[in-house]
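**Student:** Just a sequence and a predicted model for now, questions to come.
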Amino acid sequence: MTAVPARRAASPPLVVLLPALLVGLAMLLPLVYLVIRSAGASAEAWALLLRPQTAATLGRTALLVLTVTASSVAIAVPIAWLTVRTDLPLRRLWAVLTMLPLVIPSFVGAFLFVSALGPKGLLQQLLAGPFGVDRLPEIYGLPGATLTLTLLSYPYMLLTLRGALRNLDPVLDEAARSLGYGNRAVLFRVTLPQLRPALAAGSLLVSLYTLSDFGAVSLMRYPTITWIIFQQYESAFDRTIAALLALVLVGMALAILLVEGYARGRGRYYRSGAGASRRSKAIQLGRWKWLALPLVAGVTLLALGVPSAILAYWLVRGVGAGEPLLILWSATRNSLLVSGLAALVAAACSIPLAVLVVRYPGKLSQALERSSFTGYALPGIVVALALVFFGATYAQPVYQTVWLLVFAYVVLFFPAALGATRAAMLQVSPRLEEAARGLGRNPLQVMQSITVPLIGPGVLMGAALVFLVTMKELPATLILGPLGFKTLSTAVWSAASEAFFAQAAAPALALILISSVPMAFFVMRERSLALAGAGRPPA
């Protein structure tokens, strides 16, 4: 697999262009709402926006995005390589466990880390007896926000990297080893350069997730621009200032997109030939196995074990105190329904836009790609209120229905599907599609028989990402859900907001356990999916 300079593409066929246009325009609805709200902004509102405090908030936000993204890269790259390319013991189990922190809502994770690692948390109580520790260092501020968001968002990058690693051609690694390169040289000189699109896509998802987060930064007392937007929406009758701040957030997201586009480069990362439809041979870690195991186990313990243990503690303690343990069958069913629908719709919508961006680069494709990331960079409450406005005004038949809620999820999390699909598309040689067209197949037939089967692993990876993050979404569900519609995340929120921790623990643990089932299935099927994506397309 080599980086091949991009060629000037012909005009895209309608079967690609029209769906991509519809998807891009649909993703712009929150931005249109913000422009409408900001159109009548007063001079006083602009003066508040241009205060030095706003610039300081932007600086804090940018610093948090950089630290979380860099930390996520440092965690995800070695774990992806260890669980895909080496003989790490129980690597499939570790592959599932290291990705499960993705399903923990940020407000739940932050609260759990504060209760465990705070100055008077559970860790301090354990250390007080044997060591006389009466207070731990403060976890609040940038360190706590970075720790929480890194541990909850690095799976975005891990999922993308695992999919890309599975689809790499093993022939290049084997050729490098035959020339005398060791495993370390192969990793840094051959494997990592081929992962450039996946690293860029994962970094983009982590950056935008950090940019739009409210739960973790509020509980960790680290004021970012998202926190200020929420305060404006809750405390001010005039939401114009909040809309202006949200537009600033969109500007920061566009800046991140520009950086990601530069980091991704204009090369193509596909096989120059048919490739090898097989897995690469597992690298023997040898004595390094005893260093790799503690690394993977330590990340799993901190990101998943500590939150799960605290939830189990709350659950046992509450049941022992006589609190009722409710089995939320209805909330579980609702969560599975809306998450599954959102995953299917987002994955399907990502295919034409990824094809347009990769095969037909230009100003239009760039504009559509960047517009699709607007919703992901905005807080859920902003997107939800935008869809309330459009639903009540222009789409009353779907207002207060599950379909508008699913559409909100797609707007919020579509970049998760697009990033994985685009990374897979970059690894597909255009010569296969050109050969099919030379045999007389029309563009739709080429999409169905060649493109979609080859990018299938990436599409499924994106669908898995959307499913997992939709399971934990809160603001959009609270605002757009039909009357009486409850999911596991809203059940956690309702119980935790009233300090019923035992009742909050049950749906939170259910959220983790239920999400582990499709994740485990996906990891078990990952090998066959990667082989299908690496082999020849079906006839």
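**Tutor:** Arrived safely.
**Student:** Check which helices and strands the host helix or strand of Ser153 sits against.
**Tutor:** Here Ser153, judged by DSSP states H and E, is contained in helix 142-166. Applying 3 or more Cβ pairs under 8 Å, 6 or more residues apart in numbering; DSSP states H and E, we find helix 142-166 packed against helix 52-85, helix 106-117, helix 196-212, helix 215-219, helix 402-425, helix 456-471, helix 501-534. Bear in mind the C-beta positions are built from the backbone N, C-alpha and C, glycine included.
**Student:** Recalculate using a threshold of 6 Å.
**Tutor:** Packing partners of helix 142-166 (3 or more Cβ pairs under 6 Å, 6 or more residues apart in numbering; DSSP states H and E): helix 52-85, helix 106-117, helix 196-212, helix 215-219, helix 456-471.
**Student:** Can you give the contact residues for that helix?
**Tutor:** The contact list for helix 142-166 (Cβ atoms under 6 Å, 6 or more residues apart in numbering) reads 64, 67-68, 71-72, 75-76, 79-80, 84, 99, 101-102, 104, 106, 109-110, 113, 195, 198, 201-202, 205-206, 209-210, 216-217, 220, 222, 303, 420, 423, 457-458, 461, 465, 530.
**Student:** can you pull the contacts of the closest residue to Lys486 other than its chain neighbours?
**Tutor:** Of all residues not flanking Lys486 in the chain, Ala331 sits nearest, at 4.7 Å (Cβ to Cβ, 6 or more residues apart in numbering). Ala331 makes contact with 486-488, 491, according to Cβ under 6 Å, 6+ apart.
**Student:** Return the member of those residues nearest to Ala26.
**Tutor:** Thr487 (23.0 Å; Cβ to Cβ).
**Student:** outside of stretch 437-444, which residues touch it?
**Tutor:** Contacts for stretch 437-444 (Cβ under 6 Å, 6+ apart): 13, 15, 446.
**Student:** out of those, which are inside strands?
**Tutor:** In strands, defined here by DSSP state E, there are no members of those.
**Student:** Looking at these, state which has the most neighbours.
**Tutor:** Using other Cβ atoms under 10 Å as the neighbour criterion, Val446 leads the contacts of stretch 437-444 with 23 neighbours.
**Student:** coming back round to it: okay, the angle between the helix holding Ser153 and helix 456-471?
**Tutor:** Compare the direction of helix 142-166 with that of helix 456-471 by axes from the mean of the first three to the mean of the last three Cα atoms, to 10 degrees and you get 150 degrees.
**Student:** pretty sure Ile310 is touching Val114, no?
**Tutor:** No: look at Ile310 against Val114 with Cβ atoms under 6 Å: they stay out of range, at 10.4 Å.
**Student:** Count residues in the vicinity of the closest residue to Phe467 other than its chain neighbours, would you?
**Tutor:** Of all residues not flanking Phe467 in the chain, Ala343 sits nearest, at 4.0 Å (Cβ to Cβ, 6+ apart). By the criterion of other Cβ under 10 Å, Ala343 has 28 neighbours.
**Student:** ok so, going back, could you pull up the mean pLDDT of the helix holding Ser153?
**Tutor:** Averaged over helix 142-166, pLDDT sits at 88.
**Student:** same deal with stretch 363-370?
**Tutor:** For stretch 363-370, the mean confidence score works out to 86.
**Student:** buried stuff in that stretch?
**Tutor:** By neighbour count on 16 or more other Cβ atoms under 10 Å, the buried set for stretch 363-370 is 364-365, 368-370.
**Student:** now swap in stretch 246-257 and tell me
**Tutor:** Neighbour counts over stretch 246-257 (16+ other Cβ under 10 Å) mark 246-250, 252-253, 256-257 as buried.
**Student:** Now, those that are in helices?
**Tutor:** Counting by DSSP state H, the part of those found in helices is 246-250, 252-253, 256-257.
**Student:** so how far is stretch 44-58 from its chain's centroid?
**Tutor:** Between the centre of stretch 44-58 and the centre of its chain there are 30 Å (Cα atoms, centre = their mean, to the nearest Å).
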